[in-house]
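*Asks:* Build me a structure from this.
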Amino acid sequence: MKKIIYLLFFLASSFLFAQENDPTSEMSEAAEEAALAKATQNPLAAMYSLPFQNNTTFNVGPYKRTQNVLNIQPVIPVSISENINLINRIIIPVITQPSFTEDASSTGLGDISYTAWFSPTKASKITWGVGPAFQIGSSSGSAYGSGEFGLGPSVVALTMIKKWVAGVVVNNVWTFGDVKENKFLFQYFVNYNLPNAVYVVSAPILTSNWNAPSGDQWIVPFGGGIGKVFKLGKQPININAQGYYNAVKPEGWGDWQMRLQVQLLFPKGKNRE
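*Replies:* Next up, the predicted model:
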């Protein structure tokens with residue numbers, strides 16, 4: 001994992017250095033990358049994208065093993081009318097889960113989540129979207145998820161002020177099968193955009209399992225990281241790396257987590273920021 005992170009930072013630094021020292025680099029391309037950087041920070045941007053988000057939590061369980069969750073999460077915007085966009089976000093988790101009974105881990109598919117946000121197309125100081133959040137019982141075993149169908153509300157809101165992009169994503173999902181789940185997610189995100197499509201970000205994901213015993217319900221991380229948008233050939237790519245400390249966590253959960261994301265961008269026409 002460390003080698004991958006070093007490689008991605010090296011690639012980002014190389015592209016940044018090349019842009020700063022290439023006299024043939026056009027201002028229009030730099031402006032386009034800067035606009036794309038802000039669009040990637042907007043969950044409601046009308047832009048197709050394919051993020052691969054890898055979340056690693058260290059020292060999980062009695063054997064201090066590593067849990068890894070690779071989220072494949074395509075974003076598909078659809079124009080419903082002149083005034084409304086439907087932003088479809090799918091998250092397909094591939095989970096490497098440590099065992100709590102033996103010094104071993106296994107890998108499988110988790111429960112897929114699908115969120116559909118209805119959002120006004122008209123620009124305003126506050127951009128918002130509301131809609132349902134679904135859980136699809138796709139897990140390949142009980143170690144990776146409940147395998148139950150779930151449903152709940154989801155809300156996203158954000159604002160952009162000069163170089164800043166800040167907002168929140170909130171949802172709560174209940175399942176209705178043999179396994180009763182009541183899961184809450186709150187993510188705030190704060191981005192500050194620097195020159196050359198570089199940005200710093202803090203976007204921790206706070207979760208609560210309301211059905212867990214008191215004291216074991218919440219995971220509350222704090223931290224942040226850095227990212228950059230660049231082009232590999234003609235393909236725009238967004239990469240970022242973040243680190244978080246779990247200030248509140250269930251017993252047996254790891255103190256530290258790392259997030260590494262590579263996002264393929266497919267801008268089409270004028271993207272809404």
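
*Asks:* who touches the helix or strand Ala30 falls within?
*Replies:* Under the criterion of DSSP states H and E, Ala30 resides in helix 27-40. For helix 27-40, the external contacting residues (C-beta atoms under 8 Å, 6 or more residues apart in numbering) are 19, 45, 47, 49, 160, 165, 191, 193, 196-199, 227-231, 236, 238, 263, 265, 267, 271-273. C-beta: built from backbone N, CA, C; applies to glycine.

*Asks:* which parts of the following helix or strand past it are buried?
*Replies:* For helix 27-40, the following helix or strand on the C-terminal side (DSSP H and E) is strand 48-60. For strand 48-60, a neighbour-count test (16 or more other C-beta atoms under 10 Å) marks 49, 51, 53-57, 60 as buried.

*Asks:* In the stretch 101-250 of the chain, what residue spans correspond to strands?
*Replies:* For the stretch 101-250 of the chain, the strands defined by DSSP state E, counting those that start in this stretch occupy 105-109, 112-120, 127-136, 150-161, 164-175, 182-193, 198-202, 205-209, 218-232, 235-248.

*Asks:* Out of these, flag the one nearest Ile92.
*Replies:* Nearest to Ile92 among those is strand 112-120 (5.3 Å), distances taken as C-beta to C-beta.

*Asks:* Other residues contacting that closest one?
*Replies:* Here strand 112-120 has contacts from 43-44, 80, 83-93, 127-136, 138, 154, 156, 171, 173, using C-beta under 8 Å, 6+ apart.

*Asks:* that older thread, give me the buried stretch members for the helix holding Ala30, please.
*Replies:* Buried, per 16+ other C-beta under 10 Å, within helix 27-40: 32-40.

*Asks:* Between strand 164-175 and that helix, find me the angle.
*Replies:* If you take axes from the mean of the first three to the mean of the last three C-alpha atoms, to 10 degrees, helix 27-40 sits at 40 degrees to strand 164-175.

*Asks:* what angle do helix 27-40 and strand 48-60 make?
*Replies:* 60 degrees.

*Asks:* quick one: average confidence on helix 27-40?
*Replies:* Summarised as a single mean, pLDDT over helix 27-40 is 85.

*Asks:* Show me the shaky parts of the chain.
*Replies:* Within the chain, the ranges that satisfy pLDDT under 70 run 1-27, 269-273.

*Asks:* Spatially central residue in it, please.
*Replies:* Central residue of the chain (C-alpha atoms, centre = their mean): Gln53, 6.2 Å from the mean position.

*Asks:* So which residues make contact with stretch 132-143?
*Replies:* With C-beta under 8 Å, 6+ apart as the test, stretch 132-143 has contacts from 95, 97, 99, 106, 108-116, 145-154, 171-173, 175, 177, 181.

*Asks:* sorry, back to before: which one of the strands of the stretch 101-250 of the chain lies closest to Arg259?
*Replies:* strand 235-248 (4.4 Å).

*Asks:* how distant is the following helix or strand past that closest one from the center of its chain?
*Replies:* As assigned by DSSP H and E, the chain's next helix or strand after strand 235-248 is strand 256-266. Counting by C-alpha atoms, centre = their mean, to the nearest Å, strand 256-266 is centred 7 Å from the centre of its parent chain.

*Asks:* then stretch 220-236 to PDB, C-alphas only?
*Replies:* Output in PDB follows, covering the C-alpha atoms of stretch 220-236 (Å, rounded to 0.1, in the frame of the first residue of the first chain):
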ATOM      1  CA  VAL A 220     -15.600   9.200  14.100                       C
ATOM      2  CA  PRO A 221     -12.400   9.900  12.100                       C
ATOM      3  CA  PHE A 222     -10.400  13.200  11.800                       C
ATOM      4  CA  GLY A 223      -7.800  14.000   9.200                       C
ATOM      5  CA  GLY A 224      -7.300  15.000   5.600                       C
ATOM      6  CA  GLY A 225      -5.000  14.800   2.600                       C
ATOM      7  CA  ILE A 226      -4.100  16.200  -0.800                       C
ATOM      8  CA  GLY A 227      -5.100  15.600  -4.400                       C
ATOM      9  CA  LYS A 228      -4.700  16.800  -8.000                       C
ATOM     10  CA  VAL A 229      -6.400  16.600 -11.300                       C
ATOM     11  CA  PHE A 230      -4.300  16.000 -14.400                       C
ATOM     12  CA  LYS A 231      -4.500  14.400 -17.800                       C
ATOM     13  CA  LEU A 232      -3.000  11.200 -18.800                       C
ATOM     14  CA  GLY A 233      -3.000  11.600 -22.600                       C
ATOM     15  CA  LYS A 234      -6.500  12.900 -23.200                       C
ATOM     16  CA  GLN A 235      -8.000  11.200 -20.100                       C
ATOM     17  CA  PRO A 236      -8.600  13.500 -17.100                       C
END
